[in-house]
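J.: build me a model:
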Amino acid sequence: MPNRRRPGVRSTISPKAVRATLTIRNLAHRGDGVAETENGPVFVAGALPGETVIADVIGERGVLLSVVEEAAERIIPPCPHFGSCGGCSLQHMAPAFYQRWKRDVVSRVLASQGVDCAVDPLEPIAAGTRRRATFAAEWQGKALAFGFHGARSHAVVALDACLILDPRLAGRLDELRALAALIAPRRGVMKLHALLTESGLDIRLDDFGPWPDFTTERKLMDFATQSKLARISLGDRVLIAPQTPVLHFGTAAVTPPPGGFTQAATLSENRLAALVMEAAGRAKHVADLFAGSGTFSLRLALSARVHAVDGDAASIEALTRAASATPALKPLTTERRDLFRRPLMAKELDVFDLALLDPPRAGAREQIAEIVKSKLSRLVYVSCSPASFARDAATLQGAGFTLARTTPVDQFLYSHHIELVGVFNRER
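T.: Model (predicted):
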């Protein structure tokens, strides 16, 4: 359909913007359409290859106003907030095209680093399964806007529904808004981190301003009890925990620290864990580096000795408690250690027959530098950044490792973010 306006867009174009008709040639790594102009490339969010669009252009960025000629791969976004909410950016892509594009992103970034490996098809994760989200709350006049930040904006877009969230979380947006209204500062944006655990919602509040007075504390505690929340924490400090928050990693019951790292969805965590366990095979002694609260350690310890290392004290404490309370595990030791400043050295790594890495977005450059000097011949690398993964993979390849398998997992549905698992082997 010609001249379709992008759903949800509220244009606030600068007077310096130039209105232009653009032909989209391809997609950039964040999913933005790319048009070549005499002044260089212009990136247009929401546009697809083969489309002719009208956009307001400032520099290298264009704001999509309407689509004159649509690509066959365009669909109507399923969420009414698409275009204004910044939580999702790719709902306008047909599913098959979307899945191919995400796989191709991984293939291209590996090729750009000279890494040779066929990439598996994208492992899909269904909508309505995300258990973890960080919401923003901001007073806008007399009303509290509660939702996510807008697309390429610091403004908060109020939400009444979210299709990527587990219904047990999405169905409580009104309650969470009411909770935020009890403590959100009159100026600035407060963060509310929500995690759906097996015993209820675990809430952490950040950027709430001065510590609340006794009356506000009492209101928060009453709210937690009446709404059957598992826990409310103000920053790292637990205010009230009517129920102990619990997640199961394998057979182990884990209480994660307030706001601590967990995989975004149970389905994707289970798929990542299955890929890790398959790659681990019959390994008998495993180093789990960037172990967090034990997402993989506690599963691996069912069949192998594990040494789990992470820089976050609260996460290591949670992992240690869970391991000590779980019967039938092989010996599992833990160590708090900043692997960016003090990676495990080559001689320390030599005692293991497998290393598992699950670093943050920056990757594991410092740890990889020690791995290549060690006697390790098997490595499993879980990554949330194809770019840093490819950089580290190139280093490993240069030291004789072969990337035997790469599997992307669509943990972050409708966004450009990609989780992946890489399996490396080296002949000795």
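J.: what sits up against the helix or strand where Ala137 lies?
T.: Per DSSP states H and E: Ala137 is located in strand 132-140. Outside strand 132-140, the residues that touch it by C-beta atoms under 8 Å, 6 or more residues apart in numbering are 144-149, 155-156, 162, 165, 169, 176-177, 180-181, 184-196, 262-265. All C-beta spots, glycine's among them, are computed from the backbone N, C-alpha and C.
J.: from those, which would you call buried?
T.: 144-149, 155-156, 162, 165, 169, 176-177, 180, 184, 189-196, 262-265 (16 or more other C-beta atoms under 10 Å).
J.: those in strands, which ones?
T.: 144-149, 156, 190-196 (DSSP state E).
J.: what's the angle between the strand holding Ala137 and strand 190-197?
T.: Inter-element angle recorded for strand 132-140 and strand 190-197: 150 degrees (by axes from the mean of the first three to the mean of the last three C-alpha atoms, to 10 degrees).
J.: any idea how far strand 132-140 is from the chain center?
T.: 17 Å (C-alpha atoms, centre = their mean, to the nearest Å).
J.: can you pull the buried residues of the longest helix belonging to the chain?
T.: Taking DSSP state H as the assignment, the helix of the chain that covers the most residues is helix 95-112. Within helix 95-112, the residues scored as buried using 16+ other C-beta under 10 Å are Phe97, Tyr98, Gln99, Trp101, Lys102, Arg103, Val105, Val106, Ser107, Val109, Leu110.
J.: ok, the fourth one touching Arg30?
T.: The one in question is Trp101. No - using C-beta atoms under 8 Å, Trp101 is not in contact with Arg30; the gap is 11.2 Å.
J.: if we can go back for a sec, between strand 143-149 and the strand holding Ala137, find me the angle.
T.: Orientation check (the same axes, to 10 degrees): strand 132-140 against strand 143-149 gives 140 degrees.
J.: what comes up buried for strand 132-140?
T.: Residues Arg132, Ala133, Phe135, Ala136, Ala137, Glu138, Trp139 are the ones in strand 132-140 that count as buried (16+ other C-beta under 10 Å).
J.: strand partners (parallel or antiparallel) of that strand?
T.: strand 143-149 (antiparallel), strand 190-197 (antiparallel) (DSSP bridges).
J.: can you list contacts of the shortest one?
T.: With contact meaning C-beta under 8 Å, 6+ apart, strand 143-149 is reached by 81, 85-87, 135-139, 155-159, 173, 176-177, 180-181, 184, 192.
J.: what's the answer for the last one, then?
T.: Outside of strand 190-197, the residues within contact range by C-beta under 8 Å, 6+ apart are 131-138, 146, 166, 168-169, 176, 179-180, 183-184, 201-209, 230, 245-247, 256, 259, 262.
J.: next, the buried residues of stretch 249-261.
T.: Buried residues in stretch 249-261, counted by 16+ other C-beta under 10 Å: Phe249, Gly250, Ala252, Ala253, Val254, Thr255, Pro256, Pro257, Pro258, Gly259, Gly260, Phe261.
J.: helix, strand or coil for the closest residue to the second one other than its chain neighbours?
T.: Nearest non-adjacent residue to Gly250, counting by C-beta to C-beta, 6 or more residues apart in numbering: Arg299, 3.9 Å away. Under the three-state scheme (DSSP: H, G, I helix; E, B strand; the rest coil), Arg299 adopts helix.
J.: neighbours around Arg299, how many?
T.: For Arg299, the count of nearby residues is 23 (other C-beta atoms under 10 Å).
J.: quick one, what contacts it?
T.: Arg299 makes contacts with Phe249, Gly250, Ala273, Val276, Met277, as judged by C-beta under 8 Å, 6+ apart.
J.: let's see which of these end up in helices.
T.: Ala273, Val276, Met277.
J.: what's the one helix or strand Leu205 maps to in contact with?
T.: Assigned by DSSP H and E, Leu205 falls within strand 200-206. Strand 200-206 has contacts (C-beta under 8 Å, 6+ apart) with 169, 172, 176, 179-180, 183, 190-196, 224, 228-235, 242-243, 245, 256, 258-259.
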